[in-house]
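> Dropping a prediction and its sequence here:
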Amino acid sequence: MKEIEVEGKTVEEAISKALSELKADMDQVDIKIINEGKAGLFGLMGATPALVKVSLRETAGNNEISDQAKTIINTILAKMQIDGETKIAVEDNNIKVDVESLDSALLIGKKGQTLEAFQYIVNLIINKEIKAGTYKGITLENKYKIIIDTEGYLIRREEALAKMAKNMAEKVKQSGIKIALEPMSAHDRRVIHLALQETTGIKTESEGEGSFRRIVVYPVET
């Protein structure tokens, strides 16, 4: 459940800002007024802002999809003969699933390829069911995504990729010679692009097709 705290000159203004940030309507949120605010002397001196806490309500669709995702994941784990416990967290339309297992290395696979394939299959099944109208009021336009992790692998992988990318960027800047990284998944390439988007003296481009698509880091004049 996504929850934010927002300030405003008035409670109404704070709520309006929160709804805009959450991209939600009044009937989709729960509101808690933390501070009603104070106008202050002549509307200026001693004024304190209003503060509200606004949280998105979980919809029936969220619950149905998260429950179904858990069922699908547990079924696949059983077929893989992996003992694991799944924990679900819903944030906006992202359903994050953490699998606790002694066989996490087997689930992750080489460079996360097994985990990525696992996530792809689960999303494929869920999207097929959404398209078939299984979940009332939910369509493909809602863009639900099931994110599967185990033992914090995704965060560790992203941190390692970002560190590697910055090292490669420094080499390119020092040598003036482009460097082609190894082929990566679309997710990993996105991590690289984001890690280097503010780095001066270089640019990144994705090149190649399919499983051979990779990022090339080029030197540029600043």
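Cool, got the structure. Numbering: from 1, shown residues only.

> Any idea how many residues pack against the closest residue to Ile31 other than its chain neighbours?
In this structure, Ile31 finds its nearest non-sequential neighbour in Val54, 5.3 Å apart by CB to CB, 6 or more residues apart in numbering. From N, CA and C alone the C-beta is placed, and that goes for glycine too. Neighbour count for Val54, taken as other CB atoms under 10 Å: 24.

> how about Val54, what does it touch?
When the contact criterion is CB atoms under 8 Å, 6 or more residues apart in numbering, the partners of Val54 are 3-6, 15, 18-19, 22, 29-32.

> what's the closest of these to Leu115?
The closest of the contacts of Val54 to Leu115 turns out to be Glu3 (CB to CB; 28.4 Å).

> pretty sure that closest one is in contact with Val52, am I right?
No - using CB atoms under 8 Å, Glu3 is not in contact with Val52; the gap is 11.0 Å.

> Compare neighbour counts for those two and give me the winner.
Shown here are Glu3 and Val52; by other CB under 10 Å, Val52 has more neighbours (23 against 14).

> Helix, strand, or coil at the more buried one?
Under DSSP: H, G, I helix; E, B strand; the rest coil, the three-state class of Val52 is strand.

> ok, what's across the strand from the residue nearest to Ile31?
Note on Val54: beta-bridge partners by DSSP bridges are Ile4, Ile31.

> can I get the contacts of Val54 in JSON lines with pLDDT?
Formatted as JSON lines, the contacts of Val54 follow (pLDDT from 0 to 100):
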{"residue": "Glu3", "pLDDT": "85"}
{"residue": "Ile4", "pLDDT": "91"}
{"residue": "Glu5", "pLDDT": "92"}
{"residue": "Val6", "pLDDT": "91"}
{"residue": "Ile15", "pLDDT": "91"}
{"residue": "Ala18", "pLDDT": "88"}
{"residue": "Leu19", "pLDDT": "87"}
{"residue": "Leu22", "pLDDT": "80"}
{"residue": "Val29", "pLDDT": "81"}
{"residue": "Asp30", "pLDDT": "87"}
{"residue": "Ile31", "pLDDT": "91"}
{"residue": "Lys32", "pLDDT": "92"}
